[in-house]
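Colleague: got a predicted structure here, sequence first:
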Amino acid sequence: MPKSRPTLRSAIAAGLAAPIIALSACGQGQSQEPDRDWREVMREDGLAAAEASLATRTQTPETSFALGSVRFLRAIETVMQVRYANNSGPLELIPGMRTNLPPNENGAFQPDFLERALEGSLEHLEAAIEALEPALEGEFAVEVQLGDIWLDVNADGERQDYESLLNLLGQANVIQNEDVPFDGVIRFDTADAEWLAAYAHVLSAIDEMVLALDPTPAIDAVWTGRRQLESFENFYEIRDPFFGDQDSLDTLAATLLMLDGVPEKTRTRAALEHLQLMIAHNRNFWDEVALETDNDREWLPNPNQQAAFGVEVTEEMAESWQGVLAELEAMLEGEALMPYWRTPSRWGAEEGVGINLNKLLTDPGDFDLVLWIQGAAVAPYLEQGRLVSRDAIERFEDSVQGEFLLFSVWFN
């Protein structure tokens, strides 16, 4: 595994960006309609044109996987387009908001940019989930050249060098493993439709949770104050003693304001359902990929295969991941509790007092960070019962040699 680790980093170091790459595949010969090859459409005209082309075709498992994949990618493209139009900086926790983009001289910041971006993302993700249904029921094998993929960040319909997905990944120190040549081609098959559906649900859950916090008023309040401060000379020369720059402090202030209040319960409930569906699809993926006997440019292999970029998945890794899924599912169902620092229970204990996550997302209270640290906001969700197992996480972390986050992003 030591030689494989750099390759894994190259595949998923951009957080959720790398899983997004893998999903724009289309089967060869999947359409009976006379038309340009959809990959040619995507390469020359972009994702929107490719989506329009695919949507008119007979929805076989291959075309439905391709259409769902393109719509999934468009969710990320939409976030990046809104962000570029507003010339806003990276937001580490939100897919599509992490990558550094060139400055937009014509950008005009609007406080509702995050809300508009995530609403657009949700629309595309919902369409992707719907498009994938035939692919989940059928069998297919498809290939994709990652170099064909680009995101129309500036929305001008023309491919720029920085919009290439491979170039965007290059910002995350993408490294090619010299021991395993990788030509950029990945072959997806039936199990990968379940994996893609799982990712569409987890990104939908992220979008729903952020939107549940109603981000626009908080961003507007911080932005209004920022503009007043900028009217004073030498504002940008002042170094914040804690965060180093003005933008980081403003981001923190907006985040704390967003957390102050009760989230919209229809959205937190939707996030809960998306997370539960993510687990169901991810389990289906592992069941299906375990039956594969080929070894042909795999995206996420079983223990008898190898990923196209050279990383192997051991039996121990696959089995211990099932333990992680089981514990996450138990938390989402309210059957396992999350430890809280002001109760006698501690992380690693089998029984004690902890937070019922299902109850919290079903009927949320105030998310104010001060009340969460002190405990007043947590108290209504505390129960006596089984605590989430630390052993499952530790077994998985040991199996991936301490790279818990990287493999978790890859495994979904």
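Modeller: Cool, the structure landed. Residues are numbered from 1 along each chain as shown.
Colleague: look up how far A200 lies from Q59.
Modeller: 17 Å (CB to CB, to the nearest Å). Quick note: C-beta positions are derived from backbone N, CA and C, even for glycine.
Colleague: ok, these two, which is more surrounded?
Modeller: Just comparing Q59 and A200: by other CB atoms under 10 Å the higher neighbour count belongs to A200, 29 against 20.
Colleague: give the contact list for that one.
Modeller: G68, F72, L125, A128, I129, L132 (CB atoms under 8 Å, 6 or more residues apart in numbering).
Colleague: need the per-residue pLDDT for it.
Modeller: With respect to pLDDT, A200 scores 97.
Colleague: if I've got this straight, it is in a strand?
Modeller: No: under DSSP: H, G, I helix; E, B strand; the rest coil, A200 falls outside any strand and is assigned helix.
Colleague: now for the contacts of A200: which two are most distant?
Modeller: The most widely separated members of the contacts of A200, counting by CB to CB, are L125 and L132 (10.6 Å).
Colleague: neighbour-wise, which of these two wins?
Modeller: L125 (29 against 25).
Colleague: what strand or helix carries the more buried one?
Modeller: helix 113-131 (DSSP states H and E).
Colleague: do the same with M338
Modeller: strand 338-339.
Colleague: contacting residues for T362?
Modeller: Contacts of T362 (CB under 8 Å, 6+ apart): K265, T268, R269, L272.
Colleague: any idea which of those is closest to G120?
Modeller: Of the contacts of T362, the one sitting nearest to G120 (CB to CB) turns out to be T268, at 20.3 Å.
Colleague: in this protein, what spans have low per-residue confidence?
Modeller: Within the chain, the stretches with pLDDT under 70 are 1-35, 89-96, 98, 169-180, 236-245, 346-348.
Colleague: could you grab the helix/strand/coil label for the residue of the chain most remote from its centre?
Modeller: Going by CA atoms, centre = their mean, the residue of the chain most distant from its centre is E233, 40.3 Å out. Under three-state DSSP, E233 falls in the coil class.
Colleague: roughly how far apart are E133 and Y199?
Modeller: Applying CB to CB to E133 and Y199 gives a distance of 16 Å.
Colleague: who's more crowded, those two?
Modeller: For E133 versus Y199, the count of surrounding residues by other CB under 10 Å is larger for Y199: 24 against 15.
Colleague: does that one touch V409 like I think?
Modeller: No: Y199 is beyond contact range of V409, at 9.8 Å (criterion: CB atoms under 8 Å).
Colleague: okay, the angle between the host helix or strand of S248 and helix 113-131?
Modeller: Taking DSSP H and E as the criterion, S248 maps to helix 246-259. Computed by axes from the mean of the first three to the mean of the last three CA atoms, to 10 degrees, the angle separating helix 246-259 from helix 113-131 equals 70 degrees.
Colleague: mind giving me the packing neighbours of helix 246-259?
Modeller: helix 215-230 (3 or more CB pairs under 8 Å, 6 or more residues apart in numbering; DSSP states H and E).
Colleague: buried set for the helix it packs on?
Modeller: P215, T216, P217, A218, I219, V222, W223, R226 (16 or more other CB atoms under 10 Å).
Colleague: do stretch 127-144 as well
Modeller: A127, A128, I129, A131, L132, P134, A135, L136, F140, A141, V142, V144.
Colleague: repeat that for stretch 272-290.
Modeller: For stretch 272-290, burial by neighbour count (16+ other CB under 10 Å) applies to 272-286, 288-289.
Colleague: and L203, backbone torsions?
Modeller: phi -70, psi -40 (degrees, to the nearest 10).
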